[in-house]
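Peer 1: below: sequence and its predicted model.
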Amino acid sequence: EVQLVESGGGLVQPGGSLRLSCAASGFTFSNYAMSWVRQAPRKGLEWVSGINFGGSATSYANSVKGRFTISRDNAKNTLYLQMNSLKPEDTAVYYCAGLQSRYLVAGTEYDYWGQGTQVTVSS
């Protein structure tokens with residue numbers, strides 16, 4: 001059974017940091033490009049960041065560039081998102097998603113999705 005399980009979300013003050021994790025199982029994680037996608041209240045899905053299968057290439061949405069860092073540990077089948085300098089507009093449910101590809105992807109079309117973790121940035 002394929003599973004992507006996100007963790008690490010929560011309530012944080014503006015300017016704070018959080019580190020999201022996504023534990024993968026049931027498929028060959030190292031063969032998949034991975035991304036973080038978020039959905040704010042009453043809005044559509046927004047691609048946040050992507051990483052290629054080996055971790056050597058990354059990309060970010062302009063809204064998070066310079067504040068967020070995506071990484072992966074293929075030995076642990078885990079994807080990460082380090083989020084710094086958080087803003088209220090970063091409030092959303094964050095999903096990890098995977099696509100069987102050697103190259104990083106930017107978008108909302110994936111083979112597998114996690115259940116999401118809530119991030120709330122508020123004072």
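Peer 2: Now that the structure is in, tell me what you want to look at.
Peer 1: which of the residues in the helix or strand encompassing residue 72 are buried?
Peer 2: According to DSSP states H and E, residue 72 maps onto strand 68-73. For strand 68-73, the neighbour count (16 or more other CB atoms under 10 Å) marks 68, 70, 72 as buried. Glycine gets a C-beta too; all of them are placed from N, C-alpha and C.
Peer 1: spatially nearest residue to the first one, not counting backbone neighbours?
Peer 2: What sits nearest to residue 68 in space, not counting adjacent residues and going by CB to CB, 6 or more residues apart in numbering, is residue 83, at 5.1 Å.
Peer 1: for the second one, same thing?
Peer 2: With CB to CB, 6+ apart as the criterion, residue 70 has its nearest non-adjacent residue at 4.2 Å, and that residue is residue 49.
Peer 1: list the residues that contact that neighbour.
Peer 2: Shown in contact with residue 49 (CB atoms under 8 Å, 6 or more residues apart in numbering): 35, 36, 58, 59, 60, 61, 64, 68, 70, 81.
Peer 1: isn't residue 27 up against residue 2?
Peer 2: Yes - assessed by CB atoms under 8 Å, residue 27 is found in contact with residue 2 at 5.2 Å.
Peer 1: have a look at the two and say which one is more surrounded.
Peer 2: Taking other CB atoms under 10 Å, residue 27 and residue 2 do not tie; residue 27 has more neighbours (17 against 11).
Peer 1: give me the pLDDT for the more buried one.
Peer 2: Residue 27 is assigned 95 on the pLDDT scale.
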